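Colleague: would you be able to build a 3D model of this:
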Amino acid sequence: QAENFGDCLCGWKKADHSDKAFMDTHGTKAKRLDSSELRGKMAKKEYNACNEYHINMQAENFGDCLCGWKKADHSDKAFMDTHGTKAKRLDSSELRGKMAKKEYNACNEYHINMQAENFGD
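Modeller: Coordinates of the predicted model:
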């Protein structure tokens with residue numbers, strides 16, 4: 001394994017190699033693929049058969065669905081609501097606005113009670 005990303009296994013940097021080093025075994029320079037050709041050669045992700053993602057609150061792994069598969073293994077269709085539209089993502093300010101606001105007591109200076117029945121009271 002090379003010490004620095006992009007370096008050759010011989011230890012020299014890519015820029016320190018001649019054009020011959022980049023030729024394939026037949027003596028021709030490797031063909032550069034455009035993005036559509038490259039995407040065509042990539043493996044296509046297969047999704048599970050679950051059509052409705054529901055988080056399992058008792059799952060061993062956080063985010064697993066009730067069907068037992070990971071969230072990432074579900075297709076976009078599994079995240080659609082009953083009307084066929086994708087759930088709306090809230091930004092942090094919208095999300096904070098929907099959260100319950102905790103009310104605090106009027107004490108402005110916390111001092112731990114060492115004789116309290118419950119630790120931290």
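Colleague: now the helices for this structure?
Modeller: Taking DSSP state H as the criterion, the chain carries its helices at 35-41, 92-98.
Colleague: weakest of these by average pLDDT?
Modeller: Of all the helices of the chain, mean pLDDT reaches its minimum on helix 35-41 (a mean of 77).
Colleague: any chance of the helices of the chain in JSON lines, plus mean neighbour count and distance to Lys71?
Modeller: From N, CA and C alone the C-beta is placed, and that goes for glycine too. Output for the helices of the chain, formatted as JSON lines (neighbours: other Cβ atoms under 10 Å; distance: least, Cβ to Cβ, whole Å):
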{"stretch": "helix 35-41", "mean neighbour count": "9", "distance to Lys71": "24"}
{"stretch": "helix 92-98", "mean neighbour count": "9", "distance to Lys71": "19"}
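Colleague: how about those helices in TSV, adding distance to Asp81?
Modeller: Written out in TSV, the entries for these read as follows (distance: least, Cβ to Cβ, whole Å):
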stretch	distance to Asp81
helix 35-41	30
helix 92-98	17
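Colleague: so what's the residue count around Gly63?
Modeller: Neighbour count for Gly63, taken as other Cβ atoms under 10 Å: 11.
Colleague: contacts only, for it.
Modeller: Going by Cβ atoms under 8 Å, 6 or more residues apart in numbering, Gly63 touches 55, 70-71.
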